[in-house]
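**Student:** Got a sequence here, can you model it:
(one chain, ligands or ions: 1)
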Amino acid sequence: MTGTLILVRHGESEWNLKNLFTGWRNPDLTEKGIGEARATGKALKAKGIVPDLYYTSALRRAQHTLDLMLEEMEILNVTITRNIALNERDYGELSGLNKDDARVKWGEEQVLIWRRSFDVPPPGGESLKDTAARTLPYYEAEILPLLLAGKTVLIAAHGNSLRALVMAIEGLTPEQILKREIGTGQPTIYNIGADGKLEGRVEI
Ligand SMILES: O=C(O)[C@@H](CO)OP(=O)(O)O
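**Tutor:** Predicted coordinates:
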């Protein structure tokens, strides 16, 4: 049976707006981010998508995004699983620093490597590879069996925890994932086949 996996990055957060490295810090959504979450909820509803199960991280920007989407989809009284495995990558000592200040201090290239490379962690933080080491096992143990049973699963999470999933599901190389961006509030929808492999993408 084909399952459907809906990945949604949280809407713009207060620290996205201030251009601060966020990681495991816990700001909420801005008004723009709230609007992005509602818009994605509306688009999922318009497409007639009714998920069977709901997952998010232990951070409120993703939790709030999921709550807003469910409001727009008029889906009430469902169980939401919140798990730290879906948290954003930990930015370690960069957390709270302004990204432009970081570029001045360490240079554009070094900051790009910390932000988008596969296996180079920021000081005291997680690389994408480290993030995948907690996100992928969780996906394989908790989410994939549901998809193989033909379920539709909605996950609201973060730019880099989702990039880890996208890299695995799409079979991207470290060079390819370097260029992959996921915008705030942006949905990525996959049909997953009985073999657990990507069958195709759904646009909404
Ligand atoms: O600061 C962060 O936690 C992330 C996501 O907002 O930033 P970046 O996109 O630079 O990895």
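**Student:** next one: phi and psi at residue 189?
**Tutor:** phi -120, psi 130 (degrees, to the nearest 10).
**Student:** One more: residue 155?
**Tutor:** The phi/psi pair for residue 155 (degrees, to the nearest 10) is phi -120, psi 120.
**Student:** Tell me what it is bridged to.
**Tutor:** Beta-bridge partners for residue 155, by DSSP bridges, are residue 7, residue 55.
**Student:** residues touching it, list them.
**Tutor:** For residue 155, the contact set (Cβ atoms under 8 Å, 6 or more residues apart in numbering) comprises 5, 6, 7, 8, 54, 55, 56, 86, 143, 162, 165. To be clear about C-beta, it is placed using only N, CA and C from the backbone, and glycine gets the same treatment.
**Student:** Sort out which residues of the lowest-mean-pLDDT helix or strand in the chain are buried, please.
**Tutor:** Sorted by mean pLDDT, DSSP states H and E, the helices and strands of the chain end with helix 174-178, the least confident at a mean of 93. Within helix 174-178, the residues scored as buried using 16 or more other Cβ atoms under 10 Å are 177, 178.
**Student:** separation between the nearest residue to residue 178 once chain neighbours are set aside and the ligand?
**Tutor:** Counting by Cβ to Cβ, 6 or more residues apart in numbering, residue 116 is the residue found nearest to residue 178 once chain neighbours are left out, at 5.0 Å. Per Cβ to the nearest ligand atom, to the nearest Å, residue 116 is found 7 Å from the ligand.
**Student:** do the same with residue 89
**Tutor:** Separation of residue 89 from the ligand (Cβ to the nearest ligand atom): 7 Å.
**Student:** So for that residue, what's the pLDDT?
**Tutor:** Looking at residue 89, its pLDDT is 98.
**Student:** going forward can the numbers begin at 55, since that is how I track them
**Tutor:** Okay, using 55 as the starting number, the last item reads as residue 143.
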